[in-house]
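[1] test case, fold it:
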Amino acid sequence: LIKATYGALFEYLVSRINDAIQGENSNESNAGSAATIGVLDIFGFESFQVNSFEQLCINYCNEALQQQFNAFVLRNEQAEYEKEGILWKFIEFPENQDVLDL
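    Modelled structure (predicted):
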């Protein structure tokens, strides 16, 4: 029940954000060019009682993608903020290089 409620709330929020981004003047004819937002959660290994080789490959890919995201979005942006003297609160994020090194 909780999972279904969370999923429904998430879908609702993404839909509302997308509607707000598109604005009142958007219609079906220009829907392909309208701005939208999507969310991709790729961090972490899935834990099943039996993992297949396919799942191992998917998990490894997810970890590698998360590492790229951390490096290029979080780490580099924060370095750029420091370089430009922008005041912000440092964002802590987990380092998953040890998982990739396995």
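
[2] neighbours of Asn18, how many?
    14 (other C-beta atoms under 10 Å). (C-beta placed from N, C-alpha, C; glycine too.)

[3] then Phe90?
    Neighbour count of Phe90, defined by other C-beta under 10 Å: 9.

[4] using the three-state scheme, assign it.
    coil (DSSP: H, G, I helix; E, B strand; the rest coil).

[5] quick one: buried residues of stretch 60-67?
    Buried residues in stretch 60-67, counted by 16 or more other C-beta atoms under 10 Å: 62-63, 66-67.

[6] now flag whichever of those residues is closest to Ile2.
    Relative to Ile2, the closest of these is Asn62; by C-beta to C-beta it sits at 23.5 Å.

[7] host element of the closest one?
    Assessed by DSSP states H and E, Asn62 sits inside helix 53-69.

[8] which other helices and strands does that helix contact?
    The contact analysis (3 or more C-beta pairs under 8 Å, 6 or more residues apart in numbering; DSSP states H and E) places helix 53-69 against helix 97-101.
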